[in-house]
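**Q** Have a look; sequence and predicted model below, questions after that.
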Amino acid sequence: MLHYVKCGILLSIYGPLIGVVQVKFQNNSQTPFETHNMLMIMSVIAFSTSTLLAFRLFIYTTTTKLPSIYYTIVSSVVFFLAVLAPLSLVLVLFVLPRLVWIGYTIVCVLFVTVVTYNFMDYKSLLGNRASATWKVIKWLKMRR
């Protein structure tokens, strides 16, 4: 349940950040979609996808039992997208258009961090299952 609170807090930051972006680009001749095209598109897609996935995950987990590995994967994707949406807007605010590669680097590092964290969690899950399986195999050999 804490996962939903974290995602809700991150996604609630999105609205005020949109207002700050509008104020920053108010007197400019270019829009944020012209200066930071990919970051803005990434932000809009991440916000809409994370909102829909979080809602769907909440509805699905309250009605049926989702296997733990699927829940872990989907909740990690939701959390990554919930972080990516406001982060992209912050990068639009503070990164100059000619240095936009810094923003892409930050997003890639964030993605690698999330994938690594989840892989380590999944690997420990597989490690526990593998050790339990070997214990059963040894027990069966000893019974013969």
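**A** Ah, there it is.
**Q** okay, and for this protein, where does confidence drop off?
**A** Applying pLDDT under 70 to the chain flags residues 1-4, 66, 118-119, 121-138, 140, 143-144.
**Q** So for the protein, the centremost residue is which one?
**A** By C-alpha atoms, centre = their mean, the mean C-alpha position of the chain lies nearest to residue 80, the distance being 0.8 Å.
**Q** And the strand or helix carrying residue 80, what does it pack against?
**A** In the assignment (DSSP states H and E), residue 80 maps to helix 68-94. In terms of contacts (3 or more C-beta pairs under 8 Å, 6 or more residues apart in numbering; DSSP states H and E), helix 68-94 is packed against helix 2-12, helix 14-24, helix 37-63, helix 100-143. Quick note: C-beta positions are derived from backbone N, CA and C, even for glycine.
**Q** Pipe those helices into a markdown table and attach mean neighbour count and distance to residue 30 per row.
**A** As requested, those are exported to a markdown table (neighbours: other C-beta atoms under 10 Å; distance: least, C-beta to C-beta, whole Å):
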| stretch | mean neighbour count | distance to residue 30 |
| --- | --- | --- |
| helix 2-12 | 14 | 27 |
| helix 14-24 | 14 | 11 |
| helix 37-63 | 16 | 11 |
| helix 100-143 | 11 | 14 |
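**Q** before we move on, back to that, please list all residues in contact with the residue nearest to the centre of the chain.
**A** 110, 111, 114 (C-beta atoms under 8 Å, 6 or more residues apart in numbering).
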